[in-house]
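Asks: pasting the sequence and the predicted model now:
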Amino acid sequence: MTPNLLSQRLTALHRRGVSILDLTESNPTQVGIRYPEEILGFLADPGSLTYEPSPKGLLLARQAVAGVYAEKGISLEPDQLLLTASTSEAYSFLFKLLCNPGDSILVPKPSYPLFEYLADLNDVELSAYRLRCDQRWGIDFGSLGRAISARTRGIVAVHPNNPTGSGLTLEETSQLASLCRQKKAALIVDEVFADYWHDPNPGIPRTLAGNPDLLTFCLGGLSKFLALPQMKLAWMAVTGPADLLHPAMERLEMIADTYLSVNTPVQRAVPQWLANAPAIQSQIRRRILENRKALLEQIDPAGSSAQCLQADGGWNAVLRLPAIRDEEAFVLDLLEREHLLVHPGYFFDFEEPGHLVLSLLPLPEIFREGIQRLFATIGA
């Protein structure tokens, strides 16, 4: 409950009226994305005045989400989809489904600092497995094997990972599925950034949904898919062998029926909203690639110790600065002296010091000014 030191310093500067260049901004509604005018109009469907409780979500909304997977070559029945208010809620439902108190879920490290809170709230134990970075980020399967115990009920993979941007290769996917089957663990795949790959790569699947041989839960949602985090709708796609798939869906439906959290107006708007995805996603892809290009151009291969780590997709960039041993001191200095906000790597459980995490979403002029200040500080 205690704010970290970076948050405390940031609050103090805001109270003094200091303007901050924020290279941690991940809210798409605050970075100049243009939304189609009809987005709000679709919420005015008169059918929203009728309450039709549907624990899995309204059929028309689930059919629309099934269409998202069909465009990726994956055929899903609407009954294999369940809608939630957020992916955080989806995780909570899955922890309730898979685990008794004290059972274990494996999560990647580094990764987004959310799993610990969700696990604590659901009385689930977390164990971490390492992602290693050689030429690219990948799963350390030795670490994964050591982390599995008799109480492991599921393995979480984030595809692409947040913040590293690494996607699972076909080889990693096969090896991960084999391990899950061997250990009788479910596979949970967070795919919220899976529509924002930097370059087409046939060696990285667009989605891990559709595996008929392994109980798999793939998560997505409007927060990233349509850059509409305020509309509060996410989904899980459930695939696997029939003897596991059907009982899992029955139990998930009972859990969802207890909460009935997804509101009707948003569900009824989903089919029309999803049709607008290309117009929104294309803006974000251009922004990500433009800012990443500007970042790479700032790095002098001959004279800078900074390295922008390879990424397959996502909204972040990771800088490695081997000369920096105290990330917190460095980012606090940036904030105080340059009025520039970046995230230290330890926020995301990077094992080694000297990592900074930058959002690629800010307006290009803000991003360029921010990285100029950053590299001036590094150079000094």
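Replies: It's in.
Asks: and Ala177, what element?
Replies: helix 170-183 (DSSP states H and E).
Asks: that helix - what's its average pLDDT?
Replies: Averaged over helix 170-183, pLDDT sits at 96.
Asks: got the angle for the following helix or strand past that helix vs helix 170-183?
Replies: Next helix or strand after helix 170-183 toward the C-terminus (DSSP H and E): strand 186-190. Strand 186-190 runs at 140 degrees relative to helix 170-183, counting by axes from the mean of the first three to the mean of the last three C-alpha atoms, to 10 degrees.
Asks: give the other helices and strands that strand 186-190 contacts.
Replies: helix 87-98, strand 152-158, helix 170-183, strand 216-221 (3 or more C-beta pairs under 8 Å, 6 or more residues apart in numbering; DSSP states H and E). Backbone N, C-alpha and C define where each C-beta goes, glycine included.
Asks: what helix or strand is the closest residue to Pro55 other than its chain neighbours on?
Replies: Computed as C-beta to C-beta, 6 or more residues apart in numbering, the closest residue to Pro55 that is not its neighbour in sequence is Asp257, at 3.8 Å. Here Asp257, judged by DSSP H and E, is contained in helix 242-259.
Asks: buried residues, whichever helix or strand comes after that helix. List them.
Replies: Sequence-wise, the next helix or strand downstream of helix 242-259 (DSSP H and E) is helix 264-275. Residues of helix 264-275 classed as buried: 264, 266-274 (neighbour count, 16 or more other C-beta atoms under 10 Å).
Asks: out of those residues, who's nearest Tyr35?
Replies: Distance to Tyr35, by C-beta to C-beta, is smallest for Trp273 among the buried residues of helix 264-275, at 10.0 Å.
Asks: any stretches of this protein with poor pLDDT?
Replies: 301-304 (pLDDT under 70).
Asks: show residues contacting the longest helix along it.
Replies: Ranked by residue count under DSSP state H, the longest helix found in the chain is helix 277-298. Here helix 277-298 makes contact (C-beta atoms under 8 Å, 6 or more residues apart in numbering) with 28, 31, 33-36, 195-196, 198, 225-227, 308, 311, 315, 317, 358, 360-362, 364, 367-368, 371-372, 375.
Asks: follow-up on the earlier one: so what's the gap between the helix holding Ala177 and the chain middle?
Replies: Here the centre of helix 170-183 is set off from its chain's centre by 21 Å, with C-alpha atoms, centre = their mean, to the nearest Å.
Asks: and the contacts of that helix?
Replies: By C-beta under 8 Å, 6+ apart, helix 170-183 touches 138-139, 141, 144-145, 148, 152, 155, 157, 168, 185-187, 203-205, 208, 211, 213-214.
Asks: picking up where we left off before, now do the next helix or strand after the longest helix of the chain: everything it contacts.
Replies: Using DSSP H and E, the helix or strand that follows helix 277-298 in sequence is strand 307-308. Strand 307-308 is touched from outside by 292, 295-296, 299, 317-321, with contacts defined as C-beta under 8 Å, 6+ apart.
Asks: mind running it again at 7 Å?
Replies: Residues from elsewhere that reach strand 307-308 (C-beta atoms under 7 Å, 6 or more residues apart in numbering): 295-296, 299, 317, 319-320.
Asks: partners of that strand, with directions?
Replies: strand 316-320 (antiparallel) (DSSP bridges).
Asks: the partner strand vs helix 277-298, what angle?
Replies: Going by the same axes, to 10 degrees, strand 316-320 is angled at 20 degrees with respect to helix 277-298.
Asks: rewinding a little: buried sites along the helix holding Asp257?
Replies: Buried residues in helix 242-259 (16+ other C-beta under 10 Å): 244-245, 248-249, 252, 255-256.
Asks: which residues touch that helix?
Replies: 55-56, 79, 82, 93, 96-97, 215, 238-239.
Asks: quick one: buried ones out of the residues you listed?
Replies: Looks like these have 55-56, 82, 93, 96-97, 215, 238-239 buried, using 16+ other C-beta under 10 Å.
Asks: so how far does stretch 25-32 reach from one end to the other?
Replies: 12 Å (C-alpha to C-alpha, to the nearest Å).
Asks: do stretch 80-88 as well
Replies: End-to-end span of stretch 80-88 (C-alpha to C-alpha): 19 Å.
Asks: centre of the chain versus that stretch, how much separation?
Replies: Worked out by C-alpha atoms, centre = their mean, stretch 80-88 lies 14 Å from the chain centre.
Asks: what's the angle between the longest strand along the chain and strand 316-320?
Replies: Longest strand in the chain by number of residues (criterion: DSSP state E): strand 125-133. Angle, strand 125-133 to strand 316-320, by the same axes, to 10 degrees: 70 degrees.
Asks: before I go, just wanted to say thanks for your time.
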